[in-house]
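J.: When you get a sec, could you give me coordinates for this:
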Amino acid sequence: QTDDAFFGFCILWAVAALACVMGVHLVASVGGGDMPVCITVLNSYSGWALVAEGFLLKSTVLTVVGSLIGFSGAILTKIMCDAMNRDIFNVLFGGINNAPAAKGADTGPKEHQETSVAATAEMLCNAKEVLVVPGYGMAMARAQTAMGELANVLRKNNINMKF
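T.: Below is the predicted model of the structure:
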């Protein structure tokens, strides 16, 4: 019986090490903006682990609940991959989604040009309606104040601005 316990202990540590390597590989291959996809994949994996536990313990409740968690995580992962233009296989198996090289002549590096709220409002003055989709990048750039000022300027000029 000691050999069986030792063998089980070795398998337990081997599976734990494999899970750690797979987790690091999954998370390391996805950029910061795509991290929510990793979270939904890991959520789905936790559901499938619960299904396996339900089978081992012969518990119908664990199996059904794990199936619901696993499938909902998988569906959400697929929806998020489609929304972020990532291939689900690249996310699952650690491929990095590289954009193809642009065809045509390269004109060299572009020069960065700063702008202001007034200059941006002037560029948008011919529009009838402006739609702004705030997101993580806008929050990280702390652009809320500038967007509020832009909205005030555009609304004063009778331009409908929606968020």
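J.: Please identify the buried residues of the longest helix belonging to the chain?
T.: Looking across the chain with DSSP state H, the single longest helix is helix 2-28. Neighbour-count burial for helix 2-28, counted by 16 or more other CB atoms under 10 Å, picks out L26. In this view, the C-beta of every residue, glycine as well, is placed from N, C-alpha and C.
J.: Would you mind identifying the next helix or strand past that helix?
T.: helix 35-57 (DSSP states H and E).
J.: got the angle between that next one and helix 2-28?
T.: Orientation of helix 35-57 against helix 2-28 (axes from the mean of the first three to the mean of the last three CA atoms, to 10 degrees) gives an angle of 160 degrees.
J.: Show residues contacting the helix or strand just after helix 35-57.
T.: Later in the chain than helix 35-57, the nearest helix or strand by DSSP H and E is helix 60-83. The contact list for helix 60-83 (CB atoms under 8 Å, 6 or more residues apart in numbering) reads 36-37, 40-41, 43-55, 87-88, 91.
J.: now with 6 Å?
T.: Contact with helix 60-83 is made by V37, T40, V41, N43, S44, G47, W48, L50, V51, E53, G54, I88, as judged by CB atoms under 6 Å, 6 or more residues apart in numbering.
J.: Report the buried residues of the helix or strand following that helix.
T.: Next helix or strand after helix 60-83 toward the C-terminus (DSSP H and E): helix 88-93. Going by neighbour count (16+ other CB under 10 Å), the buried part of helix 88-93 is N90, V91.
J.: same deal with stretch 66-78?
T.: Neighbour count says stretch 66-78 has G66, I69, G70, G73, A74, L76, T77 buried, by 16+ other CB under 10 Å.
J.: again, but for stretch 53-70
T.: Quick answer for stretch 53-70 (16+ other CB under 10 Å): G54, L62, T63, G66, I69, G70.
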